[in-house]
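Engineer: could you look at this predicted model? Sequence included:
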Amino acid sequence: MPRRLFVFDLPDRFATGTIGQPGNRAFFLQARDGRRVVSVALEKAQVAVLAERLGRLLVELDRRGIVEDPPTPIEPDEKPLDEPINEAFRATTLTLGWDGDAEKILIEARAPGEDDEEEAESEAEALVDIDDDDEEGPDLLRVRLSADAARSFVERAFRVIRSGRPPCPLCGNPLDATGHICPRKNGHYVN
């Protein structure tokens, strides 16, 4: 099957969001430019790591004087994901980098590929170098963002992650609406 390449340079919106109730949510990255919308499914942990590392990148860019923090707080993106949410693919690999030529932040989400096991063994690669003209290979979402759009993404991502199930006060594991079996209570039910 030929590879699908979704490229967004400075999209109108790049956000993360969920569908479903806490404890049973599906997480998505979504890029929108005009009427074109692409949604990519991923895991909650991937969203958390992307937001945390993107936040670190923004701090480092500010420290080096490349991109400055705005003097006023960013306006939060509280809108739901754009409809319809049709999963283009499930991302297994996320990459993050700085495109110095364009002075933009680069984020890539890639579907599983045949060589995923080999890449997992060599963690030294910072960015996956995939030829855009290559018709074979995994589906790819590539987004270039301004620093302000990246800050908005980070703020929203942390808010989405925190909106899940509350943690158990004893063990820290997520509580279901009916409680959970807590290891700190020797397997007794906590609600």
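Structural biologist: Cool, got the structure. None of the values given here were measured: they were computed from a predicted structure.
Engineer: only C-alpha atoms, please: export stretch 45-60 in PDB.
Structural biologist: What follows is stretch 45-60 as a C-alpha-only set of coordinates in PDB (Å, rounded to 0.1, in the frame of the first residue of the first chain):
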ATOM      1  CA  ALA A  45       1.700   8.500  27.300                       C
ATOM      2  CA  GLN A  46       2.800   9.700  23.900                       C
ATOM      3  CA  VAL A  47       0.800  12.900  24.300                       C
ATOM      4  CA  ALA A  48       2.400  13.500  27.700                       C
ATOM      5  CA  VAL A  49       5.900  12.900  26.500                       C
ATOM      6  CA  LEU A  50       5.400  15.100  23.400                       C
ATOM      7  CA  ALA A  51       4.000  18.000  25.500                       C
ATOM      8  CA  GLU A  52       6.800  17.700  28.100                       C
ATOM      9  CA  ARG A  53       9.600  17.600  25.500                       C
ATOM     10  CA  LEU A  54       8.000  20.300  23.400                       C
ATOM     11  CA  GLY A  55       7.900  22.500  26.600                       C
ATOM     12  CA  ARG A  56      11.600  21.800  27.200                       C
ATOM     13  CA  LEU A  57      12.400  22.700  23.600                       C
ATOM     14  CA  LEU A  58      10.600  26.000  24.000                       C
ATOM     15  CA  VAL A  59      12.500  26.700  27.200                       C
ATOM     16  CA  GLU A  60      15.800  26.000  25.500                       C
END
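Engineer: can you list contacts of that stretch?
Structural biologist: By CB atoms under 8 Å, 6 or more residues apart in numbering, the list of residues contacting stretch 45-60 from outside reads 16, 27, 29, 67, 69, 91, 94, 96, 98, 105, 107, 147, 150-151, 153-154, 157-158, 160-161. Quick note: C-beta positions are derived from backbone N, CA and C, even for glycine.
Engineer: spell out for me which residue occupies the centre of the chain.
Structural biologist: Note on the chain: the residue nearest the mean C-alpha position is V47, at 3.8 Å, using CA atoms, centre = their mean.
Engineer: SS state for it?
Structural biologist: For V47, the assignment made with DSSP: H, G, I helix; E, B strand; the rest coil gives helix.
Engineer: filter the contacts of stretch 45-60 down to the buried ones, ChimeraX style.
Structural biologist: The buried subset of the contacts of stretch 45-60, as determined by 16 or more other CB atoms under 10 Å, is captured in ChimeraX by this line:
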select :16,27,29,67,91,94,96,105,107,147,150,151,153,154,157,158,160,161
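Engineer: in this structure, which ranges drop under the pLDDT threshold?
Structural biologist: Residue ranges of the chain with pLDDT under 70: 1, 114-134, 190-191.
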